[in-house]
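> Pasting a predicted model and its sequence here:
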Amino acid sequence: MEDKLKNLKEKMNSTLLKDLNFNDRRQKNVLREIKSEKPLLIKKSSLFRTKTWRFALSTVFTTSLLLILSLFVADQLEQADKSDRNTAKTVVNNKSNVIESIKDESKVWRDLSSAGDLKNPDFATNVREWVPQTLERLEQPVPSRYPGAGMDEGYDIYLKAEMLRDMLGPHIRVEGEDLNKDFQNIQTLISYIGHHQYVRTAHIDSYGNAKEKTEYMDEWKPADDTLFQAFENIKHLLHDIDVAINKDGRGKTYGVSHQLDGEKVKEFERFMYGSNKVEQ
């Protein structure tokens, strides 16, 4: 290095730089430039460090955010999977309960009874009171005003059935699968009794006009056992209905009510829809 610096001035003089004079003014200019560039270098270095720090911080923040989001999504997916499994398990475990609930729907009922256009009805206009009240009426003996009183109970049964016909449907009504079946069976028995009275009197008037003409009572055909059985069936069914709706199903029954899942319902209905028909 020292060898290269030997005779530097002579070598410089042999170049285009020989006329340059590095006087005091130029020296000051060089110093000024040096001083002015140093802060610039520091500024650039500081700026570089700031940008590097910000980039690193941004990277860390973004990575952390992505990690948190990933954990959140994974947790939500796990919770959803657990919820689906629990729901499926609940459906399986409650299968029998659902079936039982559906079965019990047939026992739900609602009273739709009303007085209608009657101002002073002589009967209760709600089912809970009407049933026991009607049972009491059906048990009343044959009125003495009938000709041959006590000798033609068939006609008394017919009139009581017609009394029921005037109340059931127009005023006494229920809504409910099984209880409605019971009331329909009562109406069927009422129709059966009405037809029986027609058969007893049809030879007098084929249009049915003699059904209530008691002056021809001596000419009526005798009432047969099916009439009395139909009447007893009405009373038995009303009794079971009373136990079902007024006594929570507790008490002795005849087993003929759908509402109570009576064990004799099929036998009871065979009487109405089977071979026991009135011959004309």
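Now that the structure is in, tell me what you want to look at. From a predicted model like this one, the values you see are computed outputs, not experimental measurements. Numbers count the residues shown, from 1 in each chain.
> which residues in this structure form strands?
110-111, 174-175 (DSSP state E).
> partners of the first one in the sheet?
In other words, strand 110-111. Strand pairing for strand 110-111, using DSSP bridges, gives strand 174-175 (antiparallel).
> which residues touch the partner strand?
If you take C-beta atoms under 8 Å, 6 or more residues apart in numbering as the criterion, strand 174-175 is touched by W109, R110, D111, L112, S113, V127, N180, F183. (Glycine included, C-beta is placed from N, CA and C.)
> The second one: neighbour count?
Number of residues near R110 (other C-beta atoms under 10 Å) recorded here: 10.
> so it makes contact with L179?
No - taking C-beta atoms under 8 Å as the definition, R110 is not a contact partner of L179, at 9.2 Å.
> is it true that K264 touches H258?
No - the pair K264 / H258 is not scored as a contact, 11.3 Å apart, by C-beta under 8 Å.
> ok, the spatially closest residue to E219 that is not a sequence neighbour - contacts?
The spatial neighbour of E219 that comes closest, neighbours along the chain excluded (C-beta to C-beta, 6 or more residues apart in numbering), is I204 at 6.0 Å. Going by C-beta under 8 Å, 6+ apart, I204 touches A210, K213, Y216, E219, W220.
> Can you say which of the contacts of strand 174-175 are buried?
Listed as buried from these are W109, D111, S113, V127, N180, F183; burial here means 16 or more other C-beta atoms under 10 Å.
> follow-up on the earlier one: name the nearest of the contacts of strand 174-175 relative to K247.
V127 (13.7 Å; C-beta to C-beta).
> how deep is D240 tucked in, by neighbour count?
27.
> Same check on H258?
Neighbours around H258, by other C-beta under 10 Å: 25.
> G176 is in contact with that one, correct?
No - contact between H258 and G176 fails when scored by C-beta under 8 Å: they sit 9.8 Å apart.
> quick one: N246 and Q79, what's the gap?
The gap separating N246 from Q79 is 51 Å, by C-beta to C-beta, to the nearest Å.
> So which of these two has more stuff around it?
In this view N246 and Q79 are compared by other C-beta under 10 Å, and N246 has more residues nearby, 15 against 10.
> Name the nearest residue to that one, ignoring sequence neighbours.
R128 (5.7 Å).
> now swap in R250 and tell me
Closest residue in space to R250, ignoring its immediate chain neighbours: V243 at 7.1 Å, by C-beta to C-beta, 6+ apart.
> and the one you found, what is it in contact with?
Residues near V243 by C-beta under 8 Å, 6+ apart: G249, R250, G251, K252, T253, S257, L260.
> Scan those residues and report the most crowded one.
In terms of neighbours by other C-beta under 10 Å, these top out with S257 at 28 neighbours.
> So it versus V265, what's the distance?
For S257, the distance to V265 (C-beta to C-beta) stands at 7 Å.
> Perfect, that will be all.
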